[in-house]
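Here is the input, now give the coordinates:
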Amino acid sequence: TVSLRDVNRCIKLLNWFHEILQKRGMTYKEALRRSMVLSLMTCYHSRLSNKRAGFINETFRYFKATARGEISFAGLDSSIVEKYIHEEEMFWIENINPGEGIAFNKPLSENLFLMIVCILNKIPIFVVGKPGSSKSLAIELITSNFHGEASKTPFFKNFPIIKVQSHQCSPLSTAQGIEKVFNKAIEAQTSGNNLLSVVLLDEVGLAEQSPHLPLKVLHKLL
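Residues are numbered from 1 along each chain as shown. This is a model prediction of the structure:
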């Protein structure tokens with residue numbers, strides 16, 4: 001079973017990817033085929049660790065048997081799906097200026113791509129990983145590259161300025177503290193032109209240890 005929120009997010013991303021890919025010169029049908037793959041991979045595939053290949057095979061086995069009309073999944077297998085994901089990741093990464101001494105390894109590339117997609121579509125995202133898996137670096141690179149019309153990369157000039165409001169979670173976090181940072185982000189969003197205000201809850205797992213149960217407030221805020 002899946003949440004209807006997942007279905008809604010998947011449809012939203014399908015439409016967004018389709019529009020973006022067509023603007024980059026892809027044909028309607030090829031953009032639709034890739035958009036279906038990328039939206040499913042963003043919503044579901046990215047959550048898995050050692051079961052990704054199985055998810056791809058099972059999902060597209062079903063689609064190849066049932067798809068009709070505008071889009072065909074004939075010949076689509078795990079290698080082509082991985083190729084679509086890699087090519088889309090690389091497109092966005094190649095527009096990022098990392099600065100000196102930063103290499104785009106697999107964790108950083110995946111974190112960057114998924115964060116960019118979710119932020120631009122206003123979809124909440126949990127990025128889970130051990131220390132050193134490029135979680136903080138990814139958000140730093142995003143905020144240093146998305147400057148609206150002042151962006152160094154021509155493609156990023158089409159997107160708003162991304163500004164992050166951070167909150168360091170701890171075992172003593174409170175709902176009031178989390179709500180305060182959201183209100184600050186809303187204030188920045190409403191006062192700025194072409195601005196996308198993002199709330200970053202750093203080390204959100206620590207807030208689960210708080211006796212004040214601060215994360216319950218996210219149901220109301222999100």
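
how about the nearest residue to residue 198, chain neighbours excluded?
In this structure, residue 198 finds its nearest non-sequential neighbour in residue 164, 4.9 Å apart by C-beta to C-beta, 6 or more residues apart in numbering. No exception for glycine: its C-beta is placed from N, CA and C like everyone else's.

pull the longest helix from this structure.
helix 4-23 (DSSP state H).

what's the lowest-mean-pLDDT helix or strand in the chain in contact with?
Across the helices and strands of the chain, mean pLDDT, DSSP states H and E gives its lowest value to helix 52-66, namely a mean of 75. Residues from elsewhere that reach helix 52-66 (C-beta atoms under 8 Å, 6 or more residues apart in numbering): 36, 40, 44-45, 48, 73-74, 76-78, 81-82.

if we can go back for a sec, hmm, who's touching the helix or strand harbouring the residue nearest to residue 198?
If you go by DSSP states H and E, residue 164 is part of strand 161-168. Outside strand 161-168, the residues that touch it by C-beta under 8 Å, 6+ apart are 119, 139, 142-143, 146-148, 150, 177-178, 181-182, 184-185, 188, 192, 194-203.

Let's see which of these end up in strands.
195-202 (DSSP state E).

Most neighbours of all those, which one?
Neighbour counts for the ones in strands among the contacts of strand 161-168 (other C-beta atoms under 10 Å) peak at residue 201, which has 22 neighbours.

Check the gap between that one and residue 217 for me.
Residue 201 is 11 Å from residue 217, where distance means C-beta to C-beta, to the nearest Å.

Now do the contacts for residue 98.
104, 141 are the contacts of residue 98 under C-beta under 8 Å, 6+ apart.

and it, that's in a strand?
No - counting by DSSP: H, G, I helix; E, B strand; the rest coil, one finds residue 98 to be coil, located in no strand.

now stretch 11-31, how far from the chain's geometric center?
Once both centres are worked out by C-alpha atoms, centre = their mean, to the nearest Å, stretch 11-31 turns out to sit 16 Å from its chain's centre.

ugh, wrong one, stretch 161-171
On the basis of C-alpha atoms, centre = their mean, stretch 161-171 sits 16 Å off its chain's mean C-alpha point.

Please apply the same query to stretch 159-178.
Remark: stretch 159-178 is offset 18 Å from the chain centroid, using C-alpha atoms, centre = their mean.

mind exporting it as CSV, just the C-alpha atoms?
Extracted in CSV, the C-alpha atoms of stretch 159-178 (Å, rounded to 0.1, in the frame of the first residue of the first chain):
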residue,chain,number,x,y,z
PHE,A,159,14.8,29.3,-11.1
PRO,A,160,14.3,31.3,-7.9
ILE,A,161,16.9,32.2,-5.3
ILE,A,162,17.1,29.4,-2.7
LYS,A,163,17.5,30.7,0.9
VAL,A,164,17.8,28.3,3.8
GLN,A,165,16.6,28.9,7.4
SER,A,166,18.4,26.4,9.6
HIS,A,167,17.5,24.9,13.0
GLN,A,168,19.8,22.7,14.9
CYS,A,169,17.8,19.9,16.6
SER,A,170,18.7,18.4,19.9
PRO,A,171,17.3,16.2,22.6
LEU,A,172,16.0,19.4,24.2
SER,A,173,14.2,20.7,21.1
THR,A,174,10.7,22.1,21.5
ALA,A,175,7.7,22.6,19.1
GLN,A,176,7.9,26.3,19.7
GLY,A,177,11.5,26.4,18.5
ILE,A,178,10.7,24.5,15.3
